Structures are given as structure tokens and as C-alpha cells.
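Participant: Just a sequence and a predicted model for now, questions to come.
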Amino acid sequence: MGAGHDGKMMDFAGELHEELSGIRRDLHQHPELLYDVFRTSKLVTDLLESWGIEVRRNVGRHFGMGVVGTLHGTAGSGPTLLLRADMDALPIREENDVSYRSKHEGVMHACGHDAHTAMLLGAARTLAHYRHRVRGTIRFVFQPAEEGALPSPLDGRLLSGGRDMIEDGVLEHADQCYAHHGCRSCLSVRLACIPVMPWRHQAILEYISMESRGITVPLIWLRMPSKWQPGT
Ligand SMILES: [Zn+2]
């Protein structure tokens, strides 16, 4: 991307607010568990394709529920950046009394993956619109089963969605990978994450705060060099 602040791009992203809010609420109403993200992955696929982004669906050798969008910048060659969001919800009964309350009794987007998916779609939409300013490639990864793992139908191993996609080559040729997670309490997420962080893979946690309409939203970014290999 070009250096410096791009007011026009930020304006464009800002204008997506209503659309993205609608997508997030739609996802919130239709939460899906683990690998059963049929509706969510179809919605993601349809939107990415409508914005002219190349889509690979059914990613994951074992469960095949991941979606990967690839955007080739037209400003020249450059690195491949991977941006990742999770799509699955939790087996929790929603008690919120909101117009977009979960329609699936006992299932809820209680961890914010509806927002993560909508946010990554917003980034994809914006970057696709500005692809003439992008050098290199951007890979948008939408992952199922972040909240747990299931035994593989192929070999019986317990597999989460991230590993299923990685074993299907989603990290190949990526120069840098970024994932984010909104949180109410960065401390609690940090404590939850520390025991499972792959320190030896030099993952880096970054904390940023975004302020929107008077609400401060802490976000955690996990940055990981692509040298990470499954099974190491
Ligand atoms: Zn989560």
C-alpha cells in the first residue's frame, strides 16, 4: 500500500458502516457451531465474489469448511499478507433482548466472531475497491472451529479449524499473517492466550484500541511469521 494516511480509503471504509453492521447482525442472528458454518461460509463466499475477489471454498482436507479469498493488487509485485477471522459461535443461550437476537436456541455469537467476520469482510471490500493501490497479494482467511476441535473423519485426530486449513496449505507463501480478536478485557484474553501461544514460533501479540462512536474497542492482533509449520 502507499505510505501514510489515506483519507479517501478511510472515508470509503467509514461509508460501509451500515452495510457491515447489517452483515454482523445477520450473522449474529444465525450463529453456527464449530464446522457447521454452512450458512456463514456461503454468505462470506457470495460477498467476496460479488466484490471481484477470487474465492477458494471448502478449504481444509478433513472438514473442508474454510473459505479463502485472494486479492491480487494491480500496483505491482509485493508480499503476500494473510488476514484471518473466525466464523463459529458458542453453545450458549442468548439472553440479550435485541432485535438481532440469536434465532438458534442455545447457540450464540458470544465471542464476537460475527464481528470478526464482518470486519474482515469490510477490509476485503475496501482493499478490493482500492486494488489499484495494492502491491502484492492479500489473502483473506475465514476459519471455522476456532472454539473447539472434532475428531477428523479421515484419521480420527482432534482437529480445530485453523489446523485443518493450515494442513491444506493456507499459510503457503504468506510473508506475514495477522489475526485479530476484539475483547472486553485484554487482560483476560491475554491470560487465556498465554498458555497456548506458540512462543517458539515468534508470535507477537499487539494491542490496539479503536474508538468508534464514543465506544473504545480493544483489539488484539496476533502477528506470526509464515515460517510457522504445522506439527512443529
Ligand atoms: Zn473468540
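Facilitator: On my side now, so go ahead. Numbers count the residues shown, from 1 in each chain.

Participant: I'd assumed residue 83 was in contact with residue 139.
Facilitator: Yes. Residue 139 is in contact with residue 83 according to CB atoms under 8 Å; the separation is 7.1 Å. The C-beta positions use only the backbone N, C-alpha and C, and glycine is treated the same way.

Participant: Any regions of this protein where pLDDT drops low?
Facilitator: For the chain, the stretches with pLDDT under 70 are 1-7, 183-232.

Participant: distance of the residue most central in space within it from residue 158?
Facilitator: By CA atoms, centre = their mean, the chain has its centre lying nearest to residue 85, at 0.9 Å. Residue 85 is 22 Å from residue 158, where distance means CB to CB, to the nearest Å.

Participant: Buried residues of whatever helix or strand residue 22 lives in, list them for me.
Facilitator: Assigned by DSSP states H and E, residue 22 falls within helix 17-29. For helix 17-29, burial by neighbour count (16 or more other CB atoms under 10 Å) applies to 20, 23, 24, 25, 27, 28, 29.

Participant: May I ask which two of these are separated the most?
Facilitator: The span of the buried residues of helix 17-29, defined through CB to CB, is set by 20 and 29 at 15.1 Å.

Participant: circling back to that earlier point, can I get the buried residues of helix 17-29 in JSON lines including distance to residue 116?
Facilitator: Shown next, in JSON lines, are the buried residues of helix 17-29 (distance: CB to CB, whole Å):
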{"residue": "20", "distance to residue 116": "12"}
{"residue": "23", "distance to residue 116": "12"}
{"residue": "24", "distance to residue 116": "9"}
{"residue": "25", "distance to residue 116": "14"}
{"residue": "27", "distance to residue 116": "10"}
{"residue": "28", "distance to residue 116": "12"}
{"residue": "29", "distance to residue 116": "16"}
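
Participant: Send me the longest helix seen in the chain as PDB with only the CA atoms.
Facilitator: The longest helix of the chain (DSSP state H) is helix 113-129. Listed next in PDB are the C-alpha coordinates belonging to helix 113-129 (Å, rounded to 0.1, in the frame of the first residue of the first chain):
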ATOM      1  CA  HIS A 113     -16.800 -13.900  15.800                       C
ATOM      2  CA  ASP A 114     -19.800 -12.400  14.000                       C
ATOM      3  CA  ALA A 115     -18.000  -9.000  14.300                       C
ATOM      4  CA  HIS A 116     -14.600 -10.500  13.300                       C
ATOM      5  CA  THR A 117     -16.100 -11.900  10.100                       C
ATOM      6  CA  ALA A 118     -17.900  -8.700   9.300                       C
ATOM      7  CA  MET A 119     -14.700  -6.700  10.000                       C
ATOM      8  CA  LEU A 120     -12.600  -8.900   7.700                       C
ATOM      9  CA  LEU A 121     -15.300  -8.600   5.000                       C
ATOM     10  CA  GLY A 122     -15.100  -4.800   5.400                       C
ATOM     11  CA  ALA A 123     -11.300  -4.900   4.900                       C
ATOM     12  CA  ALA A 124     -11.800  -7.200   1.900                       C
ATOM     13  CA  ARG A 125     -14.400  -4.800   0.400                       C
ATOM     14  CA  THR A 126     -12.200  -1.800   1.000                       C
ATOM     15  CA  LEU A 127      -9.000  -3.300  -0.300                       C
ATOM     16  CA  ALA A 128     -10.800  -4.700  -3.400                       C
ATOM     17  CA  HIS A 129     -12.100  -1.300  -4.200                       C
END
